[in-house]
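**Student:** One predicted model, sequence on top.
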Amino acid sequence: ENIKILGLFLHSRKIKIGKLYANKFRIKIRNCDPEKGIETFKTLQKTGVPNVFGWQRFGKNRDNHKIGKEIIKKVSKVKIHDKGKLWLYVSAYQSFLYNQILNERLKLGIKKFEGDLMKHYYGLESPSALFPGQKTPLAGGIQGEIEKRVLEENAVAPEEIPSRGKRRAILFPLLESNYK
């Protein structure tokens, strides 16, 4: 609510997959209690923030994941290499599933549960969530139940996805962060 995008533009050079170190941005928060704002910011510096895939992953029309799901259903068990639009769509579908898993996990909080598979991400230890694909283990405990449920609700099994999956940290740290 009351979010204003100040600029959006295309660049002449494409960013190759895997070449982006991190996103850098400034957030200006107005009309809040300064003490509460600083307290919240310091907490986020310690705990990290949700490691969600943003809208750009899903394409201009926000439907890349739907195309990816159709590709998976048609080419199940066929290896897709990291090039071309087919991979982009499949990756968008994997990201969509990961975001659903992450959203379910965040409802329970960010603390560590028994069965969690932990990841170290830029110095922050974080529980991980499934970015589904071949040869990727599901977590145990509550997190594993969430992962299984999301996969069942979407009628997809990791081995049907024609690319590797991974475990992805559910939180990332605020790097080089400060407040004024």
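**Tutor:** Done, it's in.
**Student:** just checking, next helix/strand downstream of the helix of greatest length in the chain?
**Tutor:** Counting residues, the longest helix found in the chain (DSSP state H) is helix 84-106. For helix 84-106, the following helix or strand on the C-terminal side (DSSP states H and E) is strand 118-121.
**Student:** Would you pull up how far stretch 28-41 lies from the middle of the chain?
**Tutor:** 26 Å (CA atoms, centre = their mean, to the nearest Å).
**Student:** same thing with stretch 63-73?
**Tutor:** So, by CA atoms, centre = their mean, the centroid of stretch 63-73 is 17 Å from its chain's centroid.
**Student:** now stretch 85-92
**Tutor:** Worked out by CA atoms, centre = their mean, stretch 85-92 lies 15 Å from the chain centre.
**Student:** Which strands or helices does the longest helix of the chain pack on?
**Tutor:** helix 64-74, strand 124-131, helix 141-153 (3 or more CB pairs under 8 Å, 6 or more residues apart in numbering; DSSP states H and E). For glycine as for every other residue, the C-beta is placed from the backbone atoms N, C-alpha and C.
**Student:** Any stretches of the chain with poor pLDDT?
**Tutor:** Residue ranges of the chain with pLDDT under 70: 1-3, 15-25, 75-84.
**Student:** let's see 90
**Tutor:** 1-49, 54-64, 67, 70-89, 109-111, 121-124, 159-164, 172-180 (pLDDT under 90).
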